[in-house]
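Visitor: What shape does this take:
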Amino acid sequence: MRGKREKVAQMRVLQFITPAGFYGAERWVLALANNIDKDQVVCDLAVTREGPGQDLTLAEYYPTGSGQQVHYLDMKGRFDPAVIRQLCQVIRDREIDVIHTHGYKSDILGLIAARRTGIPCVSTPHGFSGNVGLKMALFVKVGTHLLRYFDQVVPLSDELMGDMKRFGVPEAKTRFIRNGVDLLEIDGAVAANPGGEKSTSEVQRIGFIGQIIPRKGLGDLIDVFDQLYAANPALELDLIGEGRQREELEARAQQLPSARAIHFLGFRSDRLALLSGLSLFVMTSSLEGIPRCMMEAMAVGVPVVAYDIPGVDQLVEHGKTGLLAPHGDKTALARCCEQILQDPGLARELATNARRLIDERYSAARMAREYEALFSELVNKPANSVQNTQTG
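Guide: Numbers count the residues shown, from 1 in each chain. Alright, predicted model coming up:
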């Protein structure tokens with residue numbers, strides 16, 4: 001660790017996450033690392049290693065050029081305080097200036113490690129799950145309480161900013177940096193697969209990318225697709241991702257007349273190529289921050305339909321950048337899907353407007369510049385203004 005807090009020419013930041021797959025939060029971390037100014041910031045990654053079945057795709061894809069490193073922290077069980085000692089060792093060995101955490105467990109462990117090593121800590125909340133078990137609910141409660149002790153908390157959406165007030169995080173410790181997607185990665189994938197399957201097939205593909213979990217509302221999407229399929233058997237539904245609800249939803253889909261056209265594709269490293277082949281992206285979530293998968297669809301040029309919920313409404317203006325239906329109204333959702341599938345002109349207009357919105361407001365390059373400024377402020381603060389109270 002750097003013992004003096006004199007102004008430094010190149011900052012060292014440690015991104016810390018306990019990966020649950022390769023979804024929104026993990027892709028966000030990767031997008032930031034890909035777009036950070038490497039002349040100004042060395043951005044390491046620390047991930048917990050929790051068992052043989054864990055998905056560590058983020059660590060495999062993480063850029064390790066320009067002196068950046070990936071650190072694996074062994075964790076026994078779902079929560080292991082021994083990780084704190086490993087984190088502290090990484091911070092000291094790598095002379096880390098700021099630790100940046102993502103998620104309940106990483107917030108708890110990272111805050112304690114930051115206090116023990118005397119460096120600033122930043123948390124980026126990516127959203128808060130509902131209807132969780134008792135143990136996860138405890139993590140949520142402890143993690144959200146501890147946010148008020150971070151040096152800075154940086155929500156991704158207006159809705160999450162409101163949550164910070166509810167959790168008692170002081171206004172002076174919050175900063176809004178809008179979510180962003182890696183347009184270089186997206187445009188490269190589209191260029192390598194122009195038009196996807198749309199250019200070679202009469203099939204219209206409806207799709208979703210994300211975790212297969214209850215709050216994503218995928219039972220509604222399957223029901224709506226079955227209704228659409230009855231009128232148009234040329235439709236296909238691609239569900240890309242993994243999650244604890246997959247087996248249940250696969251069994252449900254098998255009972256429907258549209259079963260042969262519903263595809264559970266699991267985790268796919270070529271998600272952007274698959275996304276570019278969709279005719280329509282549909283999101284039926286009940287709870288989101290600003291959904292990265294939807295931003296990626298909009299950036300690729302795929303029209304979007306979704307339930308009208310906080311977070312989604314930051315991206316989709318009904319009739320301009322997509323179509324919205326009231327949450328839970330499957331009839332209205334089906335009607336929105338039909339409008340786009342049956343009107344190529346409308347589909348093109350919505351997709352063009354959506355890509356313009358992403359370019360102007362939601363690029364990872366813009367997001368990275370704002371984080372660089374934040375990290376610089378924290379690193380170059382006078383020593384007596386940085387919290388150094390021991391925790392735990």
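Visitor: Only C-alpha atoms from now on, for both contacts and neighbour counts.
Guide: OK.
Visitor: got the residue ranges for the strands in the stretch 151-300 of the chain?
Guide: Assigned by DSSP state E, counting those that start in this stretch, the stretch 151-300 of the chain shows strands spanning 152-153, 204-209, 235-240, 262-266, 280-283.
Visitor: so of those strands, which one's packed in deepest?
Guide: strand 152-153 (a mean of 26; mean count of other Cα atoms under 10 Å).
Visitor: on contacts alone, who are the packing partners of that strand?
Guide: Secondary-structure packing of strand 152-153 (3 or more Cα pairs under 8 Å, 6 or more residues apart in numbering; DSSP states H and E): strand 121-123.
Visitor: elements contacting the strand it packs on?
Guide: Using 3+ Cα pairs under 8 Å, 6+ apart: strand 121-123 touches strand 98-102, helix 104-117, strand 152-153.
Visitor: Dump those to TSV, plus distance to residue 308 and mean pLDDT.
Guide: Compiled in TSV, the helices and strands packed on strand 121-123 are given as follows (distance: least, Cα to Cα, whole Å; pLDDT from 0 to 100):
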stretch	distance to residue 308	mean pLDDT
strand 98-102	26	97
helix 104-117	26	95
strand 152-153	26	97
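Visitor: among those, which is nearest residue 339?
Guide: strand 98-102 (38.1 Å; Cα to Cα).
Visitor: need the contact list for residue 27.
Guide: Going by Cα atoms under 8 Å, 6 or more residues apart in numbering, residue 27 touches residue 58.
Visitor: Spatially, what comes nearest to residue 376 if we skip its sequence neighbours?
Guide: residue 11 (7.4 Å; Cα to Cα, 6 or more residues apart in numbering).
Visitor: The one you found - how many residues pack around it?
Guide: 21 (other Cα atoms under 10 Å).
Visitor: got a list of what it touches?
Guide: 40-42, 96-97, 375-376, 379.
Visitor: between the helices and strands packed on strand 121-123, which one is nearest to residue 292?
Guide: Nearest of the helices and strands packed on strand 121-123 (Cα to Cα): strand 98-102, 14.8 Å.
Visitor: Distance from the closest one to the middle of the chain?
Guide: Between the centre of strand 98-102 and the centre of its chain there are 15 Å (Cα atoms, centre = their mean, to the nearest Å).
Visitor: Repeat that for stretch 153-169.
Guide: 16 Å.
Visitor: mind checking the end-to-end distance for it?
Guide: 8 Å (Cα to Cα, to the nearest Å).
Visitor: in that stretch, what counts as buried?
Guide: 153-161, 163-164, 169 (16 or more other Cα atoms under 10 Å).
Visitor: Identify the residues contacting the closest residue to residue 303 other than its chain neighbours.
Guide: In space, and not counting its chain neighbours, residue 303 is closest to residue 351: 4.8 Å by Cα to Cα, 6+ apart. With contact set as Cα under 8 Å, 6+ apart, residue 351 has these partners: 298, 301-304, 321-322.
Visitor: need the contacts of residue 11 in JSON lines with secondary structure, can you?
Guide: Formatted as JSON lines, the contacts of residue 11 follow (DSSP: H, G, I helix; E, B strand; the rest coil):
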{"residue": "40", "secondary structure": "coil"}
{"residue": "41", "secondary structure": "strand"}
{"residue": "42", "secondary structure": "strand"}
{"residue": "96", "secondary structure": "coil"}
{"residue": "97", "secondary structure": "coil"}
{"residue": "375", "secondary structure": "helix"}
{"residue": "376", "secondary structure": "helix"}
{"residue": "379", "secondary structure": "helix"}
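Visitor: Go through the residues you listed and give me the one with the most neighbours.
Guide: Counting by other Cα under 10 Å, top hit in these: residue 97 with 29 neighbours.
Visitor: Can you tell me how far that residue is from residue 117?
Guide: Taking Cα to Cα, one finds residue 97 at 10 Å from residue 117.
Visitor: before we move on, what about residue 104?
Guide: The value you get for residue 104 to residue 117, if Cα to Cα is used, is 20 Å.
Visitor: Looking at the two, which one has more neighbours?
Guide: Looking at residue 104 and residue 117 with other Cα under 10 Å, you find the greater number of neighbours at residue 104, namely 26 against 21.
Visitor: Burial check on residue 187, number of neighbours?
Guide: There are 15 residues near residue 187, going by other Cα under 10 Å.
Visitor: I should have written residue 123 there, sorry.
Guide: Neighbour tally, residue 123, other Cα under 10 Å: 25.
Visitor: What residues are bridge-paired with it?
Guide: residue 101, residue 153 (DSSP bridges).
Visitor: Isn't it up against residue 105?
Guide: No: between residue 123 and residue 105 there is no contact, the gap being 11.4 Å when judged by Cα atoms under 8 Å.
Visitor: Which residues does stretch 293-305 contact?
Guide: 24, 180-181, 183, 186-187, 190, 209-210, 272, 275-276, 278-283, 315, 321-325, 333, 336-337, 340, 347-348, 350-352, 354-355, 358-359, 362.
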